[in-house]
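Next come a sequence and a model predicted from it.
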Amino acid sequence: KNQVEQSPQSLIILEGKNCTLQCNYTVSPFSNLRWYKQDTGRGPVSLTIMTFSENTKSNGRYTATLDADTKQSSLHITASQLSDSASYICVVSAKGGGNKLTFGTGTQLKVEL
Amino acid sequence: GAVVSQHPSRVICKSGTSVKIECRSLDFQATTMFWYRQFPKQSLMLMATSNEGSKATYEQGVEKDKFLINHASLTLSTLTVTSAHPEDSSFYICSARVLAGLSSYNEQFFGPGTRLTVL
């Protein structure tokens, strides 16, 4: 069964600090891995997308890594801001079968003063 | 680019009534649109996949007669919750996938969601 697990479930950090969110997956055959930011009451917004051959991808203060061998990914947020408070969801797409997405349960990040 | 809109953003209705939610891809054509439901503190759950001009494919456990999906054009899909009940109260999110070949990632773009509350 395809699964995506994220840790930690929730995280509180002070403004300006860095943090790293983890994602482990068992989706096969693997197509790509995405990180989304979802603000409360809003739809997910794409941060990064990586295929099998991409090890790291950055989008501003967000840097995602992918280790396809160990089936792990991380999302590193640098110099956090209050507006980074949101749920961060790791999503893995499988090849074929309509490229169905498997969603992680998300990491709830809260950035405080 | 790649903007997906939903209307309405929130709706409150009485039990037994039907509610229609629209999902539009504003600046691209989408052969496939997806409808998700999200309960508080949970992840998105796929309800159905709709391809333009054909019947939607529903996930196991999702009643097709209760959640009617119409995908009449490459930019519009609608979800109608028929005879809504309080347990249907949820956050409904659509996504649209660009035409095959235009995105190497088969990327899906999500709408802002519709909050449905059934009294």
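Thanks, I have the structure now.

Residue ranges in chain B under the pLDDT threshold?
Applying pLDDT under 70 to chain B picks out residues B:1, B:99-106.

which residues in it form strands?
Here chain B has its strands, by DSSP state E, at B:4-7, B:10-13, B:19-25, B:30-38, B:45-51, B:57-58, B:67-73, B:76-81, B:90-98, B:108-110, B:114-118.

Tell me the buried residues in the first one?
The one in question is strand B:4-7. For strand B:4-7, the neighbour count (16 or more other CB atoms under 10 Å in any protein chain shown) marks B:4, B:6 as buried. C-beta: built from backbone N, CA, C; applies to glycine.

Kindly report the same for the last one.
Neighbour-count burial for strand B:114-118, counted by 16+ other CB under 10 Å, picks out B:114, B:116, B:118.

Those residues of chain B touching chain A, which are they?
Applying CB under 8 Å from any CB of the partner chain, we find that chain B lies next to chain A at B:4, B:6, B:32, B:41-46, B:49, B:91, B:93, B:95, B:97, B:104-113, B:115.

How about the contacts made by residue A:18?
Going by CB atoms under 8 Å, 6 or more residues apart in numbering or on different chains, residue A:18 touches A:76, A:77, A:78, A:79, A:80.

show me the residues around the fourth one that make contact.
Residue A:79 sits next to A:16, A:17, A:18, A:61 when contact means CB under 8 Å, 6+ apart.

So which of the residues you listed belong to strands?
Short answer: these have none in strands (DSSP E).

Quick check: of the residues you listed, which lies closest to chain B?
For the contacts of residue A:79, the minimum distance to chain B (CB to the nearest CB) is 21.2 Å, reached by residue A:61.

As CSV, the contacts of residue A:79 with pLDDT would be great.
Putting these into CSV (pLDDT from 0 to 100) gives the following:
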residue, pLDDT
A:16, 97
A:17, 97
A:18, 98
A:61, 97
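
Turn the residues you listed into CSV, columns for distance to residue A:27.
Output for the contacts of residue A:79, formatted as CSV (distance: CB to CB, whole Å):
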residue, distance to residue A:27
A:16, 35
A:17, 31
A:18, 28
A:61, 27
